[in-house]
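J.: structure for the following, please:
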Amino acid sequence: MSLQATLRERIGSAQMLLQRAEQLCPGVEGHQKLCSKLRAELRFLQRVEAGELQVKESHLHSTNLTHLTAIVESVQSLENVVALLHVFTYQDIASRRHTLVVDVVANGGLTWVKAVGRKALALHNIWQGRGQYGDKSIIRQAEEFLQASRQQPVNYRHPHVVFAFYNGVSCPMADRLRDMGVSVRGDIVAVGSVELEEEEQEEEAEGKEEDKHSEEASGLTQVDHGTVVAHLAFPVQLQVEECQRVNLDITTLITYVSSLSHGRCHFSFREPVLTEQATQERWQQVLPQLDAFMEGKQLFACRAAVHDFQVILDTLGGPGEKERAQNLLARLHVVDDQPSERTQRLTLSAKINHRSLMIFGTGDFLRAVTMTANSRFVRAAANQDVRYSVFIHQPRALTEGKEWRATPI
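T.: Alright, predicted model coming up:
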């Protein structure tokens, strides 16, 4: 195939891939980053076609398109994708900080996917020590993924690591990955021991980075591309038991008993924030969401939360809200304040106060998911590298005592 024909084929592929990517999960974190990478790849190919850049034809096979194609294919095969090209920070055994890019974060955060576009032969030879200088083997990358995932629990469970191979993986590598606890998706191909041609060795010299996908790799081991011994397809079915413990924050206790949450939302209040909450409630009821999440689970609240809730209730609560509060508190296991060790390392600030430390810290100690409308605290704690397992909902205030001066609508 001529250089121009190859260029036209690659440009067409890039344009189609960009169209597919733009329609994938818009609004998901990293979506724009993925599209930006594809646009950059397309601009590069168009500049080559226009004669602005001079490259060898072999370089056109070493672009990022193969890797980006693998990411798009993965996204289309998975459910509940929450992030693309997400950067996680983790520490090695020497407490040195590292970053890791996860191509697709799916299943609500419980599945991490690395999409691999490089060919099985190149991957196998790098693993065997016959790659280019600086090449990192898939096995080494898997070790890093596993180490990082153990430090990023989602609701007290470690994300499951999946390596998706879109140009195959050798049997020995697939076996090694599975032994490590990594799921493998894609064609698993047999390995023979045939001498490679010199031209295949030259092709490998073109690819120096993992995402610059070369056509073949140098070495003495040949992967038999004609012998696919297995094909493991998406979706990855994970049987993940949902956390059965729930810790209620003050904001959740108030929201649960609020008159707004119980049909009394057709008012315009003197306080703009209450009118806004009433509008939100008419648009989307919050109580069914809370009930659905709490159903069948053990409900906890720490003494700090219950004490402050009752103070607020005594001051602002109406008769119906107080009655609902007593019914709710009767369903809860009230426990002493027991902030977890990592919570006690947080530095106090405008968004991180002592009461929040007691509430979220006790939930963390109990290994419970904390229900809250206090997203400011959650973000502030995450900025100090403490990420809590939370269920965040919209807030609702106590409004029964203010209905008399509100305007019905």
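J.: pLDDT-wise, which helix or strand of the chain ranks last?
T.: Lowest on mean pLDDT, DSSP states H and E among the helices and strands of the chain sits helix 198-204, with a mean of 41.
J.: what's near enough to touch the nearest residue to residue 20 once chain neighbours are set aside?
T.: Of all residues not flanking residue 20 in the chain, residue 72 sits nearest, at 5.5 Å (CB to CB, 6 or more residues apart in numbering). Every C-beta, even on glycine, is put in place using the N, C-alpha and C of the backbone. When the contact criterion is CB atoms under 8 Å, 6 or more residues apart in numbering, the partners of residue 72 are 17, 20-21, 24, 34.
J.: mind putting the residues you listed into a markdown table with neighbour count, secondary structure and distance to residue 335?
T.: Formatted as a markdown table, those follow (neighbours: other CB atoms under 10 Å; DSSP: H, G, I helix; E, B strand; the rest coil; distance: CB to CB, whole Å):
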| residue | neighbour count | secondary structure | distance to residue 335 |
| --- | --- | --- | --- |
| 17 | 21 | helix | 52 |
| 20 | 15 | helix | 50 |
| 21 | 25 | helix | 47 |
| 24 | 16 | coil | 43 |
| 34 | 24 | helix | 44 |
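J.: looking at pLDDT only, which of those scores worst?
T.: Least confident by pLDDT among the contacts of residue 72: that is residue 24, with 87.
J.: could you tell me the phi and psi values at residue 150?
T.: phi -70, psi -20 (degrees, to the nearest 10).
J.: that one contacts residue 157, correct?
T.: No: using CB atoms under 8 Å, residue 150 is not in contact with residue 157, being 10.8 Å away.
J.: of the two, who's got more company?
T.: Taking other CB atoms under 10 Å, residue 150 and residue 157 do not tie; residue 157 has more neighbours (15 against 11).
J.: test of understanding: give the bridge partners of that one.
T.: Beta-bridge pairing of residue 157 under DSSP bridges involves residue 154.
J.: which stretch of helix or strand covers residue 264?
T.: For residue 264, there is no host helix or strand (DSSP states H and E).
J.: now residue 24. Nearest residue, chain neighbours left out?
T.: Residue 24's closest residue in space is residue 75 (CB to CB, 6+ apart), at 5.1 Å.
J.: count of neighbours near the one you found?
T.: 23.
J.: tell me if it really is in a strand.
T.: No: applying DSSP: H, G, I helix; E, B strand; the rest coil, one finds residue 75 to be helix, outside a strand.
J.: okay but residue 154 is in contact with residue 106, surely?
T.: No: applying CB under 8 Å as the test, residue 154 and residue 106 come out as separate, 11.4 Å apart.
J.: for the two, indicate the residue with more neighbours.
T.: More crowded of residue 154 and residue 106, by other CB under 10 Å: residue 106, with 28 against 19.
J.: so what pLDDT did the more buried one get?
T.: 92.
J.: turn the contacts of residue 72 into JSON lines, including distance to residue 244.
T.: Output for the contacts of residue 72, formatted as JSON lines (distance: CB to CB, whole Å):
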{"residue": "17", "distance to residue 244": "42"}
{"residue": "20", "distance to residue 244": "39"}
{"residue": "21", "distance to residue 244": "38"}
{"residue": "24", "distance to residue 244": "33"}
{"residue": "34", "distance to residue 244": "36"}
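J.: out of those, who's nearest residue 112?
T.: When the contacts of residue 72 are ranked by distance to residue 112 (CB to CB), residue 34 comes first, at 15.9 Å.
J.: low-scoring stretches of the protein, by residue?
T.: For the chain, the stretches with pLDDT under 70 are 1, 56-63, 133-134, 192-226, 229-230, 233-241.
J.: what segments of it are strands?
T.: 83-91, 97-106, 111-116, 160-170, 183-192, 222-232, 245-248, 267-268, 298-302, 333-335, 369-372, 390-392, 407-408 (DSSP state E).
J.: and of these, who's closest to residue 361?
T.: strand 298-302 (8.5 Å).
J.: which strands and helices sit next to the closest one?
T.: For strand 298-302, the packing partners by 3 or more CB pairs under 8 Å, 6 or more residues apart in numbering; DSSP states H and E come out as strand 245-248, strand 333-335, helix 354-366.
J.: buried sites along that strand?
T.: 299-302 (16 or more other CB atoms under 10 Å).
J.: neighbouring strands - and their directions - for that strand?
T.: Here, using DSSP bridges, strand 298-302 pairs with strand 245-248 (parallel), strand 333-335 (parallel).
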